[in-house]
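A.B. asks: can you look at this prediction? I've put the sequence above it.
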Amino acid sequence: MEVKNNLKELRLEKGVNQTELASLVGVSRQTIHAIEVSKYTPSVELALKISRTLELNVEEIFSLK
């Protein structure tokens, strides 16, 4: 199964750029970009960090296709 996400849209709604989000969750900007373009599926830990940072439920960001 493929994990789909709407991270970019939600991140932009929150007014956070890729670099800021990456710094807040402890990864590189390139990792955030790779997640947004579905080149990389984050670990559960990273998905949870992203959701907490954006103050969203993980299911609002990520879903199974």
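C.D. replies: Here it is on my side, so go on.
A.B. asks: make it CA atoms for all contacts and neighbour counts henceforth
C.D. replies: Fine.
A.B. asks: in what helix or strand does residue 33 lie?
C.D. replies: Taking DSSP states H and E as the criterion, residue 33 maps to helix 29-36.
A.B. asks: quick one: list the elements packing against that helix.
C.D. replies: helix 7-13, helix 18-25 (3 or more CA pairs under 8 Å, 6 or more residues apart in numbering; DSSP states H and E).
A.B. asks: from the rest of the structure, what touches the first one?
C.D. replies: It refers to helix 7-13. Helix 7-13 has contacts (CA atoms under 8 Å, 6 or more residues apart in numbering) with 17, 35-36, 54, 61-62.
A.B. asks: hmm, 6 Å instead?
C.D. replies: The contact list for helix 7-13, computed with CA atoms under 6 Å, 6 or more residues apart in numbering, reads 36, 61.
A.B. asks: could you do the longest one as well?
C.D. replies: Outside of helix 18-25, the residues within contact range by CA under 6 Å, 6+ apart are 28-29, 49.
A.B. asks: that older thread, what about the helix holding residue 33, average pLDDT?
C.D. replies: Averaged over helix 29-36, pLDDT sits at 98.
A.B. asks: just the buried positions in the following helix or strand past that helix, please.
C.D. replies: Later in the chain than helix 29-36, the nearest helix or strand by DSSP H and E is helix 44-53. Counting neighbours by 16 or more other CA atoms under 10 Å, one finds that the buried residues in helix 44-53 are 47-51.
A.B. asks: adding distance to residue 5, write these out as TSV.
C.D. replies: Shown next, in TSV, are those (distance: CA to CA, whole Å):
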residue	distance to residue 5
47	10
48	13
49	15
50	12
51	12
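A.B. asks: can you redo these as TSV with pLDDT?
C.D. replies: Below are the buried residues of helix 44-53 laid out as TSV (pLDDT from 0 to 100):
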residue	pLDDT
47	98
48	98
49	98
50	98
51	98
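A.B. asks: pick out whichever of those sits closest to residue 41.
C.D. replies: Distance to residue 41 across those (CA to CA) is lowest for residue 47, with 8.8 Å.
A.B. asks: for the closest one, give its distance to residue 26.
C.D. replies: Relative to residue 26, residue 47 is positioned 12 Å away (CA to CA, to the nearest Å).
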